[in-house]
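**Student:** Sequence isn't available, so here's the structure alone:
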């Protein structure tokens with residue numbers, strides 16, 4: 001079995017047909033991850049469900065780490081699709097808090113898939129994979145957009161990154177069943193209030 005460092009870089013889709021194929025793979029992986037958990041997901045079964053050859057699956061996703069890191073990026077993209085800057089009179093800190101609570105609700109609604117995505121993303125970070133950096137950068141940008149920080153400075157980016165890291169920790173504790181739901185909500189509210197006080201308009 002190849003070590004992570006020996007796995008080749010994943011290919012990128014370069015046509016609508018290839019992109020559609022990749023999306024089918026990601027949907028199949030998400031369903032199987034939600035039902036089986038990371039360890040029990042078989043790449044052959046993902047290929048079968050998505051209607052592609054196993055060689056095609058490995059071309060785009062050389063390992064389960066790559067596959068579920070991409071699933072996590074797709075989930076961030078879906079959240080970003082309905083997220084919007086705060087409306088007039090809406091406090092940016094409250095807008096970010098609502099976003100994190102909704103993201104947490106979605107993740108905890110499918111704990112096996114959430115665990116698969118987070119473990120894979122952590123492994124990708126350890127292996128210095130570009131995909132892990134992309135998911136982190138995307139989530140940081142999502143927080144900035146939600147807060148309406150159109151021209152963020154270095155301090156804004158740092159604060160958004162710290163909020164992301166705190167959210168990750170709260171979510172990990174919740175997935176490990178160490179934190180009740182009410183505590184998760186309160187922890188996220190306090191995190192945003194303390195770290196993003198400079199963004200508040202109230």
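**Tutor:** Structure's in. What do you need? Predicted model, so just to flag it, every value in this text is computed and none were measured. Residues are numbered from 1 along each chain as shown.
**Student:** so what's residue 19 closest to, chain neighbours aside?
**Tutor:** Nearest residue to residue 19, sequence neighbours excluded (C-beta to C-beta, 6 or more residues apart in numbering): residue 13, at 4.4 Å. Backbone N, C-alpha and C define where each C-beta goes, glycine included.
**Student:** Tell me the backbone dihedrals of the one you found, please.
**Tutor:** Phi and psi for residue 13, reported as degrees, to the nearest 10, are phi -70, psi 140.
**Student:** What of residue 196?
**Tutor:** Here is the backbone geometry of residue 196 (degrees, to the nearest 10): phi -110, psi 20.
**Student:** Let me see the contact set for it.
**Tutor:** Residue 196 is in contact with 92, 93, 96, 147, 159, 163, counting by C-beta atoms under 8 Å, 6 or more residues apart in numbering.
**Student:** ok, the last one touching residue 195?
**Tutor:** Yes - under the criterion of C-beta atoms under 8 Å, residue 163 is in contact with residue 195, at a separation of 5.4 Å.
**Student:** More neighbours: which of the two?
**Tutor:** Under the neighbour definition other C-beta atoms under 10 Å, residue 163 and residue 195 were set side by side, and residue 163 has more, 24 against 19.
**Student:** mind listing what's buried in the strand or helix carrying that one?
**Tutor:** According to DSSP states H and E, residue 163 maps onto helix 154-175. Neighbour-count burial for helix 154-175 flags 156-157, 159-161, 163-164, 166-167, 170-171, 174-175 (criterion: 16 or more other C-beta atoms under 10 Å).
**Student:** If you count neighbours, what's buried in the very next helix or strand once past it?
**Tutor:** Counting by DSSP H and E, the next helix or strand C-terminal to helix 154-175 is helix 181-195. Buried residues in helix 181-195, counted by 16+ other C-beta under 10 Å: 184, 185, 187, 188, 191, 192, 195.
**Student:** Quick check: the third one vs residue 162, distance?
**Tutor:** The reference is to residue 187. From residue 187 over to residue 162 the distance is 14 Å, taken as C-beta to C-beta, to the nearest Å.
**Student:** Pipe the buried residues of helix 154-175 into JSON lines and attach pLDDT and distance to residue 141 per row.
**Tutor:** Listed next are the buried residues of helix 154-175 as JSON lines, based on pLDDT from 0 to 100; distance: C-beta to C-beta, whole Å:
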{"residue": "156", "pLDDT": "97", "distance to residue 141": "11"}
{"residue": "157", "pLDDT": "97", "distance to residue 141": "9"}
{"residue": "159", "pLDDT": "98", "distance to residue 141": "13"}
{"residue": "160", "pLDDT": "97", "distance to residue 141": "8"}
{"residue": "161", "pLDDT": "96", "distance to residue 141": "11"}
{"residue": "163", "pLDDT": "98", "distance to residue 141": "12"}
{"residue": "164", "pLDDT": "96", "distance to residue 141": "10"}
{"residue": "166", "pLDDT": "97", "distance to residue 141": "17"}
{"residue": "167", "pLDDT": "97", "distance to residue 141": "14"}
{"residue": "170", "pLDDT": "95", "distance to residue 141": "20"}
{"residue": "171", "pLDDT": "94", "distance to residue 141": "19"}
{"residue": "174", "pLDDT": "93", "distance to residue 141": "24"}
{"residue": "175", "pLDDT": "92", "distance to residue 141": "24"}
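**Student:** Cool, thanks, signing off.
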